[in-house]
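*Asks:* coords please:
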Amino acid sequence: MKTHLILTAAAAALALAGCGGKNETPTETTKAANSETTPVPAAGASQMVASGTIAANLAASPDHKSLAAALTQAGLAETLSGAGPFTLFAPTDAAFAQVPPVTRDGWMRPAQKNVLAGVLKYHVVPGKLTAADLAAKIAEGGGKAVLKTVDGQDLIAAKSGNTILLTSANGDKATVTQADVGQSNGVVHVIDAVLVPKM
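*Replies:* Numbers count the residues shown, from 1 in each chain. Prediction:
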């Protein structure tokens, strides 16, 4: 009798666990399927909600803690909470970890607030540009598109296979690892490196 109850409870637990997993899988698959530039979904971006602002979603994302902290330090979190719309190329924590610690720590000093703001603004383009919009601009430009960031600098977008590749004025490169993460005030494209503008 006890064995029968234990087996029944175990089967019920497995069935419930299976149901829970099924609810999450289509969301992940849908996000990846909607964009040709998203071969691997980013865990933090999958937790962003379209009804939230860019700043609010970054603050809640487990993969964008460095970016959220930098936006607050630079005084830009309020801007990315505004109406927008904005297109943000959002480096992950792993991307920030690639920046030499002395540079990264230097950016976070109060005296370097303007430098940090310049780096962060280089990742923001006015308006809402989806992956399809970016692909169309790249095609129109004969293989590359020149995007104007909010501080007026050029950021180059090109295609590398089915992936969008960004190149900074300094030659730094970043790949879009997850595109079209909808926000109430724009769109976020997750990238795997920090892009540095000309200073």
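
*Asks:* quick check: mean pLDDT of the lengthiest strand in the chain?
*Replies:* Counting by DSSP state E, the longest strand found in the chain is strand 173-183. Strand 173-183 shows an average pLDDT of 92 in the prediction.

*Asks:* kindly export it (C-alpha atoms) in PDB.
*Replies:* Output in PDB follows, covering the C-alpha atoms of strand 173-183 (Å, rounded to 0.1, in the frame of the first residue of the first chain):
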ATOM      1  CA  LYS A 173      33.300  43.600 -33.200                       C
ATOM      2  CA  ALA A 174      30.100  42.200 -31.500                       C
ATOM      3  CA  THR A 175      27.700  39.600 -32.700                       C
ATOM      4  CA  VAL A 176      23.900  39.800 -32.000                       C
ATOM      5  CA  THR A 177      23.200  36.600 -30.100                       C
ATOM      6  CA  GLN A 178      19.500  37.300 -29.500                       C
ATOM      7  CA  ALA A 179      17.500  39.800 -31.500                       C
ATOM      8  CA  ASP A 180      14.100  41.400 -31.200                       C
ATOM      9  CA  VAL A 181      13.500  41.300 -27.500                       C
ATOM     10  CA  GLY A 182      10.500  43.600 -27.400                       C
ATOM     11  CA  GLN A 183      10.300  46.500 -24.800                       C
END
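
*Asks:* so what secondary structure elements neighbour the following helix or strand past it?
*Replies:* Counting by DSSP states H and E, the next helix or strand C-terminal to strand 173-183 is strand 186-191. Helices and strands touching strand 186-191, as assessed by 3 or more C-beta pairs under 8 Å, 6 or more residues apart in numbering; DSSP states H and E, comprise helix 43-46, helix 54-60, strand 86-91, strand 173-183. C-beta: built from backbone N, CA, C; applies to glycine.

*Asks:* adding mean neighbour count and distance to G152, write those out as CSV.
*Replies:* Shown next, in CSV, are those (neighbours: other C-beta atoms under 10 Å; distance: least, C-beta to C-beta, whole Å):
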stretch, mean neighbour count, distance to G152
helix 43-46, 19, 27
helix 54-60, 22, 20
strand 86-91, 26, 15
strand 173-183, 22, 20
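
*Asks:* can you tell which of the ones you listed is closest to L120?
*Replies:* Closest to L120 of the helices and strands packed on strand 186-191 is strand 86-91 (C-beta to C-beta; 9.3 Å).

*Asks:* which elements pack onto the longest strand of the chain?
*Replies:* helix 2-33, helix 54-60, strand 86-91, helix 131-140, strand 163-167, strand 186-191.
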